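Chemist: just need the structure, nothing else, for what follows:
(chains A and B)
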Amino acid sequence: MTTKATINRLATRVPGLDEVLGGGLPEFSFNLIAGQPGCGKTTLAHQIMFALATPERPAIYFTVLGEPPLKMLRYQQQFDFFEAEAVNGRLRFVCLAEDAMTGDLDRVLKRIVDEVAAHNPGLVFVDSFRSVAFASESADSPKTSLQLFVQQLGMLMTSWQATTFLVGEYCNETDANPVYTVADGLIWLRQSVQRNSMVRKLEIMKMRGQSTLPGLHTFRIDHTGMRVFPPAQVVAAASAAPDAAVPGERALMGVPELDEMLGGGLPRGYSLLVAGPSGSGKSILASAFLAEGARCGETGVVAAFEQHPNRARNSVLVDLIARGQVGLIDSREPDLSIDEITLLILTEVGRLKASRVVLDSLSGFELALAPTFRTDFRESLLGLVTALARAGVSVLMTSELEDRYTDLRFSPYGAAFLTDAIIVQRYIEIDSRLQRVMAVVKVRASGHSDELRLYSIGEDGIRMGEMLPEQEGLLGGRPTRKRPHGLLAASADADGA
Amino acid sequence: MPLKSQQSRPWAAALADRMDDGADAEQVAEAIVAIWLEIEQALHPIIGHRGVAALYNRSLHLTAVAYPWLAIDQPAVPAAIDPSGLRSALVQQAAAEAAAGGSALFDSFHELLASLIGAALTDRLLRSVWTRTSGDSPAQDPSP
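Modeler: Numbering: from 1, shown residues only, chains lettered A, B, ... in the order given. Model (predicted):
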């Protein structure tokens, strides 16, 4: 209906934030940016201001008590988004410390209104709001005056058509703080500390008029400012290429016999788990997978999480990376979140238009995550796999397996059910030699071989060998030669001799 | 620690602009105090009267090393710039000495502010004072 009010949404241009907000900030809304000291409130406010302020829609940043303006300007200008030329142009800073120190909220309000009337800003920031509250309490004014102040400010700013942000420390979110009721939007920043790791998280607790992405979203602050990492699935949905994976097509593995065992290669868009003990050749298979892609003119992305990437990486992969046919994600950033890694991978997939992704390995991946995410590893991994599937790429994940011969396990994370296909690798002992066998355990909705085949690793990669029909108990690690019927007794004698 | 000048500041020129040739100490003091009031005008909305006054006092302290007559007693926690002490000190000097000391004081204030918030933002904030100083023509960058 045309008679309804139209709510314009302002794009904050803080990476990821607009997705989490559900499409940007509603114009003329009255928002709180809250959180404990040091969690990035002022940085977020500045980043939004520098992005949104224009000559037609100027901004005023009121500094109240708390961080002295000189310090704030000193530190904020370290960020790339800070433009000194914009100050006193499309945005201005106004210090209200001296008015706030009197504890007279009416005076503070009057100053704000005067400045707003004089400069007609489209954006108003008040930092920090908590100090306004403190100032009023210390002056023994009744507590209702703060509520009155906030209500009046909210009303005035909306009438002045100003999108408003109150920046403040609100340590207790369950407090029935009147500010929460008045605000249209409530952006809460948190820092979660576990052992030596610190992870920043953001939550949109309220945003009137639009549906936001619920829950805690990790973010990072670096010289460019804040980057929010929306949930993997959302990013994937946005970046999904509709024709990425044609059903029925297969991605070849670079090992022809293995392709046969898979029923003609890995179906496009599938995720494949390669599980095996240390040294069984999982990474070599992963390299062959990427090299085969490169041979067919496809590009790939490898996310490596080994402790010593250069030592462990084989020359095939190094060449592919050097030639730009494979993008490398080798994040050494501490305290990674799955959402951040997913974004890194999807960004790289988008950049290279890649169709193949390798995660090598899940154990290394788990170690690269901040401890706080490890408890949710399974859920997060599901998110990642789903995200990559939506993006239409074929994924190969390696998983290190303790060689246990008493049970047939594929992954310590229960990742097996998440993946569409599984290849398992084992060591076996035959004739005083340690041999390797490989089998395709599962390929969803496709026929595949049930063979358990020997393979060897040479200069040219993986070479598949024969089955061992003469042997049984291969998965127990110590196969025995099958005995022909009727010769049981004789054979027993021979073995004993 | 005294701050070293990295480049020539336009303050001496700005001051000269506001004075007639052969101005006496009284006129020099008048011009310097006027510029200080403009600086205060430009900065107090952003960093507060107290913020400006604190920087002003620090600048006096730094400049008094080279110009001992600038060692003026100031309140430890100033509420705002009070240039009356500066004016009294200036008028007691010869005109040339007063102008030199006054310029040096602007320079150290400028350097102090730049050390805190960077040269770009400092120039940006003080531009209005320079623009006004050089009359109708816009502020010029010092030629290399």
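Chemist: where along the stretch 151-300 of chain A do the strands fall?
Modeler: A:163-168, A:185-194, A:197-207, A:217-222, A:225-228, A:250-251, A:266-267, A:271-276, A:300-304 (DSSP state E, counting those that start in this stretch).
Chemist: next, count neighbours for whichever residue of the stretch 151-300 of chain A sits closest to chain B.
Modeler: Using C-beta to the nearest C-beta, the point where the stretch 151-300 of chain A gets nearest to chain B is residue A:223, with a distance of 14.8 Å. Just so you know, the C-beta spots here come from the backbone N, C-alpha and C atoms, and that holds for glycine as well. Taking other C-beta atoms under 10 Å in any protein chain shown as the neighbour definition, residue A:223 ends up with a count of 8.
Chemist: again, but for residue A:55
Modeler: As a burial measure, residue A:55 scores 8 neighbours (other C-beta under 10 Å).
Chemist: ok, now which ones touch it?
Modeler: Applying C-beta atoms under 8 Å, 6 or more residues apart in numbering or on different chains, we find residue A:55 in contact with A:89-90.
Chemist: again, 10 Å this time
Modeler: Contacts for residue A:55 (C-beta atoms under 10 Å, 6 or more residues apart in numbering or on different chains) come out as A:86, A:89-90.
Chemist: of those, which ones also sit close to chain B?
Modeler: The subset of these within reach of chain B, by C-beta under 10 Å from any C-beta of the partner chain, is A:86, A:89.
Chemist: returning to what we had before: distance of the nearest residue to the residue of the stretch 151-300 of chain A closest to chain B once chain neighbours are set aside relative to chain B?
Modeler: On the basis of C-beta to C-beta, 6 or more residues apart in numbering or on different chains, the spatially nearest residue to residue A:223 that is not a chain neighbour turns out to be residue A:80, at 5.8 Å. To chain B, residue A:80 is 14 Å away according to C-beta to the nearest C-beta, to the nearest Å.
Chemist: and the pLDDT at residue A:80?
Modeler: According to the per-residue confidence, residue A:80 scores 96 in pLDDT.
Chemist: residue B:41 now?
Modeler: On pLDDT, residue B:41 comes in at 93.
Chemist: and the helix or strand harbouring it, how far out from the chain middle?
Modeler: Using DSSP states H and E, the element containing residue B:41 is helix B:25-63. Relative to the centre of its chain, helix B:25-63 is centred 6 Å away, using C-alpha atoms, centre = their mean, to the nearest Å.
Chemist: what sits up against the next helix or strand after that helix?
Modeler: With elements assigned by DSSP H and E, the helix or strand that comes after helix B:25-63 is helix B:84-91. Residues lying outside helix B:84-91 but in contact with it, judged by C-beta under 10 Å, 6+ apart, are B:24-33, B:36, B:56, B:60, B:64, B:67, B:69-74, B:83, B:97-99, B:101-102, B:105.
Chemist: ok, of those, which come out buried?
Modeler: Among the contacts of helix B:84-91, those scoring as buried are B:25, B:27-33, B:36, B:56, B:60, B:64, B:67, B:70, B:72, B:74, B:83, B:98-99, B:101-102, B:105 (criterion: 16 or more other C-beta atoms under 10 Å in any protein chain shown).
Chemist: which members of those residues additionally contact chain A?
Modeler: Subset of those in contact with chain A: empty, counting by C-beta under 10 Å from any C-beta.
Chemist: close to chain A: what parts of chain B are there?
Modeler: Applying the criterion C-beta under 10 Å from any C-beta, the portion of chain B that neighbours chain A consists of B:42-52, B:54-55, B:79-80, B:113, B:115-125, B:127-128.
Chemist: can we see that at 8 Å?
Modeler: Those residues of chain B that sit near chain A, judged by C-beta under 8 Å from any C-beta of the partner chain, are B:44-51, B:116-118, B:120-121, B:123-125, B:127-128.
Chemist: buried subset of these as a ChimeraX selection?
Modeler: Typed into ChimeraX, the next command selects the buried ones out of these (criterion: 16+ other C-beta under 10 Å):
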select /B:44,45,46,47,48,49,50,51,117,118,121,123,124,125,128
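Chemist: excluding covalently adjacent residues, which one is nearest to whatever residue of the stretch 351-497 of chain A ends up closest to chain B?
Modeler: Nearest residue of the stretch 351-497 of chain A to chain B (C-beta to the nearest C-beta) works out as residue A:351 at 33.2 Å. The shortest distance from residue A:351 to any residue other than its chain neighbours is 6.8 Å, reached at residue A:327 (C-beta to C-beta, 6+ apart).
Chemist: is the one you found part of a helix or strand, or is it coil?
Modeler: Using DSSP: H, G, I helix; E, B strand; the rest coil, the three-state assignment for residue A:327 comes out as strand.
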